[in-house]
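>>> Next input, structure requested:
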Amino acid sequence: MKILYWVPLFWPEGGGIEVMAIQSLPVLQERGHQFLVVASHGTMQQPDIMDFNGIPVYRFPFWTALSKNDIGLLRTIREEVIRLKETFEPDLMHIHFFLISFTD
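Numbers count the residues shown, from 1 in each chain. The predicted structure follows:
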């Protein structure tokens with residue numbers, strides 16, 4: 001199964017969702033599932049694209065765009081996420097949000 005895993009933050013940012021992800025995704029990957037992670041940059045300087053144990057991680061400036069009401073940037077991010085989704089063709093989208101209070 002191909003799973004688009006969308007979370008506010010991802011490793012190396014630390015927290016409950018991040019710990020759950022870095023523990024569960026590799027195990028599920030070993031069982032044959034493919035993942036693509038979509039997350040924000042968070043508070044650390046992170047590359048836009050990285051690899052986590054063979055899982056591609058794409059980071060976008062979601063919170064910057066929202067906090068600045070930057071409609072142009074939001075449109076660009078939306079188009080990039082749509083392209084990722086169309087290219088990856090997930091069977092399932094796991095979207096895990098608990099609140100919007102992060103920074104890029």
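>>> what separates the lengthiest helix in the chain from the chain centre, distance-wise?
In terms of residue count, the longest helix belonging to the chain (DSSP state H) is helix 71-88. Chain-centre distance of helix 71-88: 12 Å, with Cα atoms, centre = their mean, to the nearest Å.
>>> Point out the other helices and strands that the helix or strand just after that helix packs with.
As assigned by DSSP states H and E, the chain's next helix or strand after helix 71-88 is strand 92-95. Applying 3 or more Cβ pairs under 8 Å, 6 or more residues apart in numbering; DSSP states H and E, one finds that strand 92-95 makes contact with strand 2-6. C-betas here are computed from N, CA, C, even on glycine.
>>> contacting residues for the most centrally placed residue in the chain?
Centroid-nearest residue in the chain: residue 38, 1.8 Å away (criterion: Cα atoms, centre = their mean). With contacts defined as Cβ atoms under 8 Å, 6 or more residues apart in numbering, residue 38 is in contact with 4, 5, 6, 7, 58, 60, 81, 84.
>>> Could I get those in CSV, plus columns for pLDDT?
Formatted as CSV, the contacts of residue 38 follow (pLDDT from 0 to 100):
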residue, pLDDT
4, 97
5, 96
6, 93
7, 90
58, 97
60, 94
81, 95
84, 96
